[in-house]
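K.L.:
Using only what follows, build the 3D model:
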Amino acid sequence: MFSVGYDYCCIEKDNIYDLLKYAKNKKVKLLHLRYKNDLYFFYIPTYQRYLLKSFQYSYAYIQTIGLMKYVLFLSRQYLNILGVLCFMLSAICCSYFIFDIQIIGTLPQVNTSLIKELKKEKVDLFQPLKSYERLNEILSHLKTVYKDDVEYMNVYQRGSVFHVEYTKRKQDTIEKENYQNIYAKKDGLIAYMDVDSGMIKVKANDYVQKGDLLIENTITSTNNELHFIPVKGQVYAYTFNQYEASVKNVNQDQGEVFYQLLLSIRSQLPTDAIIDKENVLQMTKTRSKITLKMHYTLLEDIAIKGEKNEESQ
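P.N.:
This is a model prediction of the structure:
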């Protein structure tokens, strides 16, 4: 049995045989038995102290060593042990429960709504802190709820404080008829198109590069006359991206570090993009930091308005 303390005692040499016999019968552990100046000195586990009290010969108690020494010392000082217990309870509470919620954003209506949404997700004062897997679920839910109001959003915990950060989405002005061509703003594999007007120049499964013409603003009539027409539509494509994130290396649990970095990377993804594939490329560790690299295949709208002379940009 594990002991957190030991009593140091001594007994006269004439009684040592009786003590050894008694210890064998009662299964008392005698440790570091040694002889000096007609006395035998020994240790016994503190939890067996009561067994030695029924021994018929006298012995002398010298001191208690180990953790139990400090427990016994504090037990004689009521205020000290009360303070230690309060400190331990405070440390445990701060490690496991939420004591504050910080929302960093500039939209009052969203801030008020966020408090209600967080309560639905059981994020409230004195609720348990969330795992990295749960943080990721909460982030995905909030992004969906506020996709029309928020451009960027992230959730994280520091100590016992739960943080939500966001930036508002820029409001689109009322569109007038636009005759600008639509080009690809990044490389991708065309998935499908949603075009209201304009001359479509690509089809599904075409691979396009940044700057390629997707929807044109001209059409040729039956008598070979060129007419300008409004251009409006979205072109959705699979795009291939690499992201990375790093944290300081302070010997954290590797599983928690992975989910922390994964959550940080996912917060960098475009809010309107859909994850098609998510693969770990590399996770490296140095003395100063831990870095995670991920590959994403995203489904997103790659259409961007532009002039003909911007095609190569």
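
K.L.:
mind listing the helices in the stretch 1-150 of the chain by residue range?
P.N.:
For the stretch 1-150 of the chain, the helices defined by DSSP state H, counting those that start in this stretch occupy 16-26, 49-52, 67-75, 78-96, 108-120, 132-145.

K.L.:
Least reliable of these by average pLDDT, please.
P.N.:
Ranked by mean pLDDT, those end with helix 67-75 at the bottom, a mean of 55.

K.L.:
And the pLDDT for residue 64?
P.N.:
At residue 64, pLDDT is 82.

K.L.:
which residues touch it?
P.N.:
Residue 64 makes contact with 5, 6, 7, 8, 46, 72, according to CB atoms under 8 Å, 6 or more residues apart in numbering. Yep, even glycine has a C-beta here, placed from its N, CA and C like the rest.

K.L.:
Quick check: closest non-adjacent residue to residue 31.
P.N.:
Leaving aside its chain neighbours, residue 31 sits nearest to residue 43 (4.2 Å; criterion: CB to CB, 6 or more residues apart in numbering).

K.L.:
From residue 27, how far off is that neighbour?
P.N.:
Distance, residue 43 to residue 27, by CB to CB, to the nearest Å: 16 Å.

K.L.:
Looking at those two, which is more packed in?
P.N.:
With neighbours defined as other CB atoms under 10 Å, residue 43 and residue 27 compare such that residue 43 has more, 20 against 8.

K.L.:
Does the more buried one touch residue 6 like I think?
P.N.:
Yes - between residue 43 and residue 6 there is a contact at 4.4 Å, judged by CB atoms under 8 Å.

K.L.:
Name the residues contacting each of the two.
P.N.:
Residues touching both residue 43 and residue 6 (CB under 8 Å, 6+ apart) are 31, 65.

K.L.:
Break down the stretch 201-313 of the chain into its helices, ranges please.
P.N.:
254-266.

K.L.:
Helix or strand with the lowest mean pLDDT in the chain?
P.N.:
Between all helices and strands in the chain, the lowest mean by mean pLDDT, DSSP states H and E belongs to helix 67-75, at a mean of 55.

K.L.:
What's the separation between the residue nearest to residue 132 when sequence neighbours are not counted and residue 134?
P.N.:
Leaving aside its sequence neighbours, residue 132 sits nearest to residue 259 (CB to CB, 6+ apart; 3.0 Å). Here residue 259 is placed at a distance of 10 Å from residue 134 (CB to CB).
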